[in-house]
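Student: can't give you the sequence, but here's the structure:
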């Protein structure tokens, strides 16, 4: 019997469940490696070569190289693991989060100062 | 005997730690956050706890996908602050309390809660930011700390009900410890926030405020809230709030709320902070 996913219809949200944790294992463990300063240096010196040391999919590697956090999450990345990547770039959680919303950093910050995103928010259909 | 005298809940936003470490606490953006802890700093100087049983979650720092314990108790004598990608926070070494930690581990496991025992562990912002908020920037932390890590990263996290009952088991364990210790239990994380995807930035102030009321007045009912409601109403990372129920379970039903603070935003997050005292 398939596992139930009662959270699947929450918009704009990916729950890091068994399927995602399995899919993203090496992507997330690559991120963990960036907690060591020497690995951060090696990664920054040649990102592609460093990524090629990991048994990640090309899609995951492209997600990292383009710093597309939604793409990385769709490929099994979890935000607390991906945090090691944006920390390596000197970015904050606020900057990384804003990059996933399609808003500029300034727009996102203004939204947070105004009380944040409504829980009733629905994604707009792109035409 | 040892006794749990008080409970503290607080958010543990990493940017709060960065604001402290970079000397930004008096800037306009951060001042309201830190003002909410002025009472707390004075309060805890008077309380002088010997040990803090600190419930938090590791954010893929010491515990990565190789090992995902639902509940892990730190039994070591020391826990160094972790390098989370930008170097370790400049905070003191966290000193553990192996005697009480092992006692709680044995008692709680024999009470049917299967804890993972951890003897070497780095601690991340989830643990050190609450210490900084409550104690400021001392050269040494003024008390011992038992880190208690809860998995809220990989689905499924433990239910609110499980956490609340675990808190009660921790209370029984502390009560049965031979040793005159003033113990506080802290529950950290939350409140509403979502850090991922197009819905990032979610905040739900009415839901958070109701959570604070229910935590004080009807924790038995609050513990029944399912995972889905947290995700839908408090954001995917709002699920951290189940850790507050561990704290609440360890306190008396009529514990007195002596301080409450709520502020939006700190980075992506609604900050909530409450202090309860156990009535004697």
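Tutor: Looks like it arrived, so ask away. Keep in mind that what you see is a predicted model, and the values were worked out from it rather than measured.
Student: give me the most central residue, chain A.
Tutor: residue A:69 (3.6 Å; CA atoms, centre = their mean).
Student: lowest average confidence, helix or strand, in chain B?
Tutor: Considering only helices and strands, the least confidently modelled element of chain B by mean pLDDT, DSSP states H and E is helix B:14-21, at a mean of 95.
Student: buried ones in whichever helix or strand comes after it?
Tutor: Next in sequence after helix B:14-21, counting helices and strands by DSSP states H and E, comes helix B:31-35. When neighbours are counted by 16 or more other CB atoms under 10 Å in any protein chain shown, the buried residues of helix B:31-35 are found to be B:33, B:34. Backbone N, C-alpha and C define where each C-beta goes, glycine included.
Student: just stretch B:152-162 next, same as before
Tutor: B:152, B:153, B:154, B:155, B:157, B:158, B:159, B:160, B:161, B:162.
Student: would you turn those residues into CSV with pLDDT and secondary structure?
Tutor: Compiled in CSV, the buried residues of stretch B:152-162 are given as follows (pLDDT from 0 to 100; DSSP: H, G, I helix; E, B strand; the rest coil):
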residue, pLDDT, secondary structure
B:152, 98, coil
B:153, 97, coil
B:154, 97, coil
B:155, 97, coil
B:157, 98, coil
B:158, 98, coil
B:159, 98, coil
B:160, 98, helix
B:161, 98, helix
B:162, 98, helix
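Student: which of these lies closest to chain A?
Tutor: Chain A lies nearest to residue B:155 out of the buried residues of stretch B:152-162, by CB to the nearest CB, at 4.0 Å.
Student: pull up the gap between the closest one and residue B:39, please.
Tutor: As for residue B:155, its distance to residue B:39 is 36 Å (criterion: CB to CB, to the nearest Å).
Student: residues in contact with the helix or strand bottoming out on mean pLDDT in chain A?
Tutor: Lowest mean confidence among the helices and strands of chain A (mean pLDDT, DSSP H and E): helix A:93-99, at a mean of 93. With contacts defined as CB atoms under 8 Å, 6 or more residues apart in numbering or on different chains, helix A:93-99 is touched by A:67, A:69, A:79, A:82-83, A:86, A:104-105, A:107-109, A:112, B:14-15, B:195-196, B:200-201, B:267-268.
Student: low-confidence regions, chain B specifically.
Tutor: In the prediction, chain B carries no residues with pLDDT under 70.
Student: quick one, helices of it?
Tutor: Using DSSP state H, the helices assigned to chain B run over residues B:14-21, B:31-35, B:38-47, B:98-110, B:125-135, B:160-175, B:205-217, B:219-222, B:227-234, B:242-249.
Student: can you say which of the ones you listed is packed in most?
Tutor: Among those, judged by mean count of other CB atoms under 10 Å in any protein chain shown, the one packed with the most neighbours on average is helix B:242-249 (a mean of 28).
Student: what angle separates the least confident helix or strand of chain B from helix B:125-135?
Tutor: Here helix B:14-21 points in a direction 50 degrees away from that of helix B:125-135 (axes from the mean of the first three to the mean of the last three CA atoms, to 10 degrees).
Student: can helix B:14-21 be found next to chain A?
Tutor: Yes: counting by CB under 8 Å from any CB of the partner chain, chain A is contacted by helix B:14-21 at B:14, B:15, B:18.
Student: roughly how far does the closest residue to the first one other than its chain neighbours sit from residue A:43?
Tutor: This points to residue B:14. By the measure of CB to CB, 6 or more residues apart in numbering or on different chains, the closest residue to residue B:14 outside its immediate chain neighbours is residue B:125, 4.2 Å from it. Between residue B:125 and residue A:43 the computed distance is 22 Å (CB to CB).
Student: same question, residue B:17
Tutor: Here the distance between residue B:17 and residue A:43 works out to 24 Å (CB to CB).
Student: again, but for residue A:34
Tutor: Counting by CB to CB, the gap from residue A:34 to residue A:43 is 6 Å.
Student: anything in contact with each of the two?
Tutor: In terms of CB under 8 Å, 6+ apart, residue A:34 and residue A:43 are both contacted by the residues residue A:88.
Student: okay, the two: which has more neighbours?
Tutor: For residue A:34 versus residue A:43, neighbours defined as other CB atoms under 10 Å in any protein chain shown are more numerous around residue A:34 (24 against 20).
Student: give me the pLDDT value at the more buried one.
Tutor: As summarised for this prediction, residue A:34 has a pLDDT of 94.
Student: wait, it touches residue A:82, no?
Tutor: No: counting by CB atoms under 8 Å, residue A:34 sits too far from residue A:82 to count as a contact (10.0 Å).
Student: surely residue A:79 meets residue A:73?
Tutor: Yes: with contacts defined as CB under 8 Å, residue A:79 counts as touching residue A:73 at a distance of 7.1 Å.
Student: quick one, which of those two is more surrounded?
Tutor: The residue with the greater number of neighbours, taking residue A:79 and residue A:73 and applying other CB under 10 Å, is residue A:79; the counts read 26 against 22.
Student: in the stretch 101-250 of chain B, what residue is nearest chain A?
Tutor: Checking the stretch 101-250 of chain B residue by residue against chain A with CB to the nearest CB singles out residue B:203 as nearest, at 2.7 Å.
Student: for that residue, give me phi and psi.
Tutor: Here the main-chain torsion angles of residue B:203 (degrees, to the nearest 10) amount to phi -140, psi 140.
Student: nearest residue to it other than its sequence neighbours?
Tutor: Computed as CB to CB, 6+ apart, the closest residue to residue B:203 that is not its neighbour in sequence is residue A:116, at 2.7 Å.
Student: surely residue B:207 touches residue B:232?
Tutor: No: with contacts counted by CB under 8 Å, residue B:207 stays clear of residue B:232, the gap being 9.7 Å.
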